[in-house]
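Asker: mind looking at a prediction? Sequence and model below.
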Amino acid sequence: MNFAIKPQDILELSMLGCMPENPTVFSGANGLGKSEIALQGAREYAKSLGLTPVDTREKIPGPGEYGITWVNFSGMAPEDIRWPVFSDGAYTHRITDQLPFASERWAMNGYTRDTYKGVVICDEIGKEPDLLKMPAQWVNERQWGNGEMVPAHVGFIFTTNDSKHNSHAYELTSDLISRVQMFTVEKDVNSFLNYHVNGSGEKLHPLITLCCKHHGEDFLFTQDYEDPGKPFACPRSMVKASRVLDAPEFDDKSVVHRARLHAAIGTRATVELLATYRAWSRLGNIEAMISDPRKHEDEIKTFAKDNTHNGKQTIASVIAMLVKRVQKDSSQFGNVMEFFNIMGNEEDTVTFVAICVQSVPEVRTQAAFVRHYADNQIFYF
């Protein structure tokens, strides 16, 4: 059975996954934080045991230390992971030496198979179907595959993408690994925002936060194969984009800065994010304008007078964004109507109201709509 969880659940569940009796699989879209939070959970689990977490890529743990072995299987072929072949006294395949007590070097530092404690985090395990046989052997038979047994106190956490996410991943099923905890990590933009807003993560550029609130789940999880016009990229990519936008010298016309965005989020996302950036930079504090339109009357009138092509694009973006706001909270309709009344463009106001009436029928009962309809009935026939 596969259980759906939110990203904030990964930490606690990965701590449970460090226990040898609870092998755990986290699957889901790119950039959800599966691997990073699993590593964090392993560190927290080590501390709960009174042990010091140690990255086994850097050193062999000794007494009082907990081994965290992280292996990225992305791009690996089965031949990269076959068991030791000695040639001139050296191993010819790289992964063998990383797994606890699969080679002689792990007998150092005073640990034995019976006393060693650690976890193996297998990242991107589902990208090559032939590799899926190995975790089944490690978990079901507790054997590395070269005749060496997995130490009794070693746990396993696997991360992978689901095949439906178009990331060239194959399903890692509970049929393959018996008695495994399987969790699908669901996209959740609120988890992403809470993580960054509450101080745990890196602070986001206000535009990224605004787009997350506006587009919701789609903003963070649209992949390159989807149609143009849909929002941008995964959370990890948007943090990179946020850093570019936050640079004091950022200039949306600079080839260098545009190239940096392109490297972080790709061609289509860069084009769309820059278009949104230009509209956003001209809007000022749109949140304050909507909260108290009369207080910002001069500001609203100034940007409403822009009849250029970019100005019209900005208005179209504003209409779409404010309709979304009313869809989420219909009580906002009155304030938004006040905003459009100050702008004083009948076409824009009617466009906004017509879309709202179709998508949020309850606005028909609000006083702001009744007043508008009384003066503009001709537009609705």
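Answerer: Happy to help now that I have it.

Asker: those strands in the chain, which residues are they?
Answerer: With DSSP state E as the criterion, the chain has strands at 2-5, 24-28, 52-55, 65-72, 86-87, 90-91, 118-123, 154-160, 181-185.

Asker: so Val360 touches Val326, yeah?
Answerer: Yes. Judged on CB atoms under 8 Å, Val360 makes contact with Val326 at a distance of 5.5 Å. In this view, the C-beta of every residue, glycine as well, is placed from N, C-alpha and C.

Asker: neighbour count for those two, which is higher?
Answerer: Val326 (23 against 18; other CB atoms under 10 Å).

Asker: OK, contacts around the more buried one?
Answerer: 332-333, 336, 356, 360, 363 (CB atoms under 8 Å, 6 or more residues apart in numbering).

Asker: could I get the strands of the chain as JSON lines with mean neighbour count and distance to Tyr45?
Answerer: Formatted as JSON lines, the strands of the chain follow (neighbours: other CB atoms under 10 Å; distance: least, CB to CB, whole Å):
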{"stretch": "strand 2-5", "mean neighbour count": "12", "distance to Tyr45": "18"}
{"stretch": "strand 24-28", "mean neighbour count": "26", "distance to Tyr45": "12"}
{"stretch": "strand 52-55", "mean neighbour count": "17", "distance to Tyr45": "8"}
{"stretch": "strand 65-72", "mean neighbour count": "20", "distance to Tyr45": "8"}
{"stretch": "strand 86-87", "mean neighbour count": "8", "distance to Tyr45": "36"}
{"stretch": "strand 90-91", "mean neighbour count": "11", "distance to Tyr45": "30"}
{"stretch": "strand 118-123", "mean neighbour count": "25", "distance to Tyr45": "7"}
{"stretch": "strand 154-160", "mean neighbour count": "26", "distance to Tyr45": "8"}
{"stretch": "strand 181-185", "mean neighbour count": "19", "distance to Tyr45": "14"}
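
Asker: who touches both of Val360 and Val326?
Answerer: Shared contacts of Val360 and Val326, defined by CB under 8 Å, 6+ apart, comprise Phe333.

Asker: residues touching Glu186, list them.
Answerer: 4-6, 28.

Asker: repeat for Ala247
Answerer: Remark: with contacts taken as CB under 8 Å, 6+ apart, Ala247 is in contact with His257.

Asker: from here on, count from 40
Answerer: Understood, numbering begins at 40; the last thing we discussed is Ala286.

Asker: on that earlier part again, so can I have JSON lines of the contacts of Val365 showing distance to Val219 and pLDDT?
Answerer: What follows is the contacts of Val365, written out as JSON lines (distance: CB to CB, whole Å; pLDDT from 0 to 100):
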{"residue": "Gln371", "distance to Val219": "46", "pLDDT": "90"}
{"residue": "Phe372", "distance to Val219": "49", "pLDDT": "93"}
{"residue": "Val375", "distance to Val219": "50", "pLDDT": "91"}
{"residue": "Cys395", "distance to Val219": "48", "pLDDT": "90"}
{"residue": "Val399", "distance to Val219": "44", "pLDDT": "89"}
{"residue": "Val402", "distance to Val219": "49", "pLDDT": "91"}
